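Chemist: Sequence first, then the predicted structure:
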Amino acid sequence: MSDCIFCKIAAGEIPAIKLYDDGEVLAFRDINPEAPVHALIIPRRHIATLNDLGTADAALVGQLYLAGKRVATDLGVADSGYRTVINCNRDAGQIVFHLHMHLLAGRELGWPPG
Ligand code: AMP
């Protein structure tokens, strides 16, 4: 999608601090981190929300989580702990409509989230 900021990051048209890229799934640092470690893991293909996933995307969802595990390991927070979150639509606070998984770590994370 030409007006999607995460599609532009995936295409290298706007900068991001990349942490992982396997061609289908990409991870980069959140520009406004909510924790010492805050990464976003996205599919390269434009999918607007979690609601837009189909059964054919099951493997892709697995890749997002495996990439998250890899990023957590690479950043040294796999053992101390981390949280993965996908916000879907308004009430969850989704502001970028390109599916993304947040990975937060590096401090004790409150529960339940606000
Ligand atoms: P969400 O509320 O789940 O849609 O989260 C969107 C996230 O994208 C927020 O945490 C933003 O800080 C982050 N974000 C927005 N623009 C950029 C960007 N250009 N590079 C990295 N992260 C971004």
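Modeler: Okay, I see it.
Chemist: Report pLDDT for Glu108.
Modeler: pLDDT recorded at Glu108 is 97.
Chemist: now Gly114
Modeler: In this model, Gly114 carries a pLDDT of 80.
Chemist: try Met1
Modeler: Checking the pLDDT column for Met1, the value is 75.
Chemist: One more: His98?
Modeler: 98.
Chemist: name the element it belongs to?
Modeler: Assigned by DSSP states H and E, His98 falls within no helix or strand.
Chemist: Now it. Nearest residue, chain neighbours left out?
Modeler: Phe6 (3.7 Å; Cβ to Cβ, 6 or more residues apart in numbering). Backbone N, C-alpha and C define where each C-beta goes, glycine included.
Chemist: The helix or strand that neighbour falls within and the ligand, any residue contact?
Modeler: Per DSSP H and E: Phe6 is located in helix 5-10. Yes. Using Cβ under 6 Å from any ligand atom, helix 5-10 reaches the ligand at Ile5.
Chemist: helices and strands around that helix, which ones?
Modeler: strand 25-29, strand 37-43 (3 or more Cβ pairs under 8 Å, 6 or more residues apart in numbering; DSSP states H and E).
Chemist: Kindly present those strands as CSV, with separate columns for mean pLDDT.
Modeler: As requested, the helices and strands packed on helix 5-10 are exported to CSV (pLDDT from 0 to 100):
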stretch, mean pLDDT
strand 25-29, 98
strand 37-43, 98
